[in-house]
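>>> I'll drop the sequence and a predicted model, then ask my questions.
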Amino acid sequence: MDLLNNRSSVSEFVLLGLSSSQEIQIFFFAIFFLIYVAIIVGNVLIVVSVILDNHLHSPMYFFLANLSFFDLCLSSVATPNVIADFLRKHKTISLWGCMAQMYFMHFFGGGEMSLLIAMAIDRYVAIYKPLHYKTIMSRRVLIVFLLLSWATGFLHTTSQMVFTVGLPFCGPNIVDSIFCDLPLVIKLACTETYILELLVIANSGLLSLICFILLLISYVVMLVTIWQHSSSASSKAVSTLSAHISVVTLFFGPAIFIYAFPFNGYSIDKFLSVFYSIITPLLNPIIYTLRNQEMKAAIRRLSSQHVGSWLIH
C-alpha cells in the first residue's frame with residue numbers, strides 16, 4: 001500500500017530542458033520549429049515521390065520510403081512537445097505522457113533498426129545476386145521484412161516498458177533532458193532497478209552496438225567487392241552504399257553512447273538524445289536526396305507535375 005501511495009504521489013515529471021534563459025529558449029524554439037518543419041517536408045517528400053513515381057518502384061526505394069516514415073514518426077513522438085516547452089515557464093509532462101513518450105520512442109527506434117538491417121540485406125542481394133535480385137526481393141519478401149520491423153519495434157519497447165510502468169516514483173521527479181527516456185526515468189524510481197538497468201543496456205545499448213558492427217562489416221565487404229569493378233554501375237553502387245553507411249552511423253552512433261552506458265550520467269547524453277531523435281531524421285532525407293540522382297529526378301518530376309497542374313487550373 002505504501003508503494004502505491006508513493007507512486008501516486010508523482011503524477012508528473014519536470015523536464016529541465018536545455019537552458020533557463022528566456023532569450024535562448026526563444027532561439028531554441030525557432031531553431032527546433034524550423035528543423036521539425038524540414039523533417040516533415042523532407043520525409044513526406046520522399047514517401048510521396050516513391051509512391052507516385054513509377055521509376056522508384058523498386059525494393060531499395062520501398063525500404064527508403066518506410067525509413068522516412070519511421071523517421072517522421074520517431075521525430076514526432078517528442079519534438080512537438082519539446083517545441084511547445086520552449087515557450088513554457090514550467091516544463092512538465094504527466095506520468096503516463098512520459099511513459100507513452102518512452103514507449104513510442106523505442107517502438108519506432110527498434111523498428112528503424114530492423115529496417116536498416118533489411119536495407120543492408122537488400123544491397124547484399126543486389127551486389128552478389130544481381131541476376132536473381134527481383135526474384136529474391138519479391139513483394140512478399142518486402143512485406144515480410146516490413147512486418148518484421150514493426151514486430152521488432154513492438155518487442156523491443158514492450159520488453160522494457162512492461163517493467164518500467166510498474167516502478168514506484170516518490171520523488172525527486174526531475175528529468176535532466178528535454179523529453180523522457182528510459183535511463184533517466186528509471187534512475188528516479190524509489191526501488192532497486194539493477195536488473196532493469198541491465199535489461200536496458202542489453203536490449204538497447206548492446207543490441208545497437210552488435211547491429212552497428214555487423215552492418216559496418218557487411219558494408220565494408222560490399223564496398224571492397226564493388227571497388228574491384230570499375231564501371232559506372234559500380235560508381236552508382238558506391239554512392240548508394242556510402243549513403244547507407246552514413247545513415248547507419250548517424251542512427252546507431254548516438255544510440256550506442258546513450259544506451260551502452262546509460263546510467264553514468266554523462267552530460268553529453270542530453271545532446272546525443274536530441275541528435276538521435278531530431279537531427280538524424282532531418283539528415284536522412286538530405287543524405288538520400290543529395291547523393292541519389294534517381295531520387296532528385298523523381299522529386300523534380302513530381303514538382304513539375306504539380307506546377308503544371310496548378311498552371312492548368
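Happy to help now that I have it. Numbers count the residues shown, from 1 in each chain.

>>> for residue 204, give me phi and psi.
Here is the backbone geometry of residue 204 (degrees, to the nearest 10): phi -110, psi -50.

>>> one more: residue 13?
phi -110, psi 150.

>>> ok, now which ones touch it?
If you count contacts by Cβ atoms under 8 Å, 6 or more residues apart in numbering, residue 13 has them with 92-95, 98, 173-175, 180, 185, 188. From N, CA and C alone the C-beta is placed, and that goes for glycine too.

>>> measure it to residue 184 for me?
9 Å (Cβ to Cβ, to the nearest Å).

>>> what sits in contact with each of these two?
residue 175.

>>> count the neighbours of the closest residue to residue 206 other than its chain neighbours for me.
In this structure, residue 206 finds its nearest non-sequential neighbour in residue 260, 6.8 Å apart by Cβ to Cβ, 6 or more residues apart in numbering. The tally of other residues near residue 260 (other Cβ atoms under 10 Å) stands at 16.

>>> do the same with residue 151
Around residue 151 there are 13 residues (other Cβ under 10 Å).

>>> where's it, which helix or strand?
helix 139-164 (DSSP states H and E).

>>> next step: the contacts of residue 13 restricted to strands.
92-94, 174-175 (DSSP state E).

>>> any of those residues buried? List them.
93, 175 (16 or more other Cβ atoms under 10 Å).

>>> taking the ones in strands among the contacts of residue 13 together, which two end up most distant?
Greatest spacing in the ones in strands among the contacts of residue 13, by Cβ to Cβ: 94 and 174 (14.9 Å).

>>> picking that back up, check contacts around the residue nearest to residue 206.
201, 205-206, 208-209.

>>> rerun that using 7 Å as the cut-off
201, 205-206, 209 (Cβ atoms under 7 Å, 6 or more residues apart in numbering).

>>> contact partners for residue 122?
Counting by Cβ under 7 Å, 6+ apart, residue 122 has contacts 59-60, 63, 137.

>>> and these, which two are furthest apart?
Pairwise over the contacts of residue 122, using Cβ to Cβ, the maximum falls at 63 and 137, 9.6 Å.

>>> who's more crowded, the two?
residue 63 (25 against 22).

>>> quick one: mean pLDDT for the strand or helix carrying that one?
Element membership for residue 63 (DSSP H and E) is helix 59-85. Mean pLDDT, helix 59-85: 94.

>>> what number of residues lie near residue 88?
Residue 88: 12 neighbours (other Cβ under 10 Å).

>>> surely it is within a strand?
No. Going by DSSP: H, G, I helix; E, B strand; the rest coil, the assignment for residue 88 is coil, not a strand.

>>> can you tell me how far it sits from residue 81?
When residue 88 is compared with residue 81 (using Cβ to Cβ), they lie 10 Å apart.

>>> then residue 298?
From residue 298 to residue 81 the distance is 33 Å (Cβ to Cβ).

>>> between those two, who's got more neighbours?
residue 298 (23 against 18).

>>> what about residue 108, neighbour count?
Other residues near residue 108 come to 26 when the count uses other Cβ under 10 Å.

>>> right, and residue 148 touches residue 115 too?
No. Checked against Cβ atoms under 7 Å, the pair residue 148 and residue 115 is beyond contact range at 8.9 Å.

>>> more neighbours: these two, which one.
Neighbour totals were compared for residue 148 and residue 115, and residue 115 leads with 24 against 15 (other Cβ under 10 Å).

>>> still on that earlier bit, buried residues in the helix holding residue 151?
141-142, 145-146, 149-150, 152-153, 156-157, 160-161, 164.

>>> just want the angle from it to helix 59-85.
30 degrees (axes from the mean of the first three to the mean of the last three Cα atoms, to 10 degrees).

>>> can you give the distance of helix 139-164 from its chain's centre?
The chain centroid and the centroid of helix 139-164 are separated by 14 Å, computed with Cα atoms, centre = their mean, to the nearest Å.
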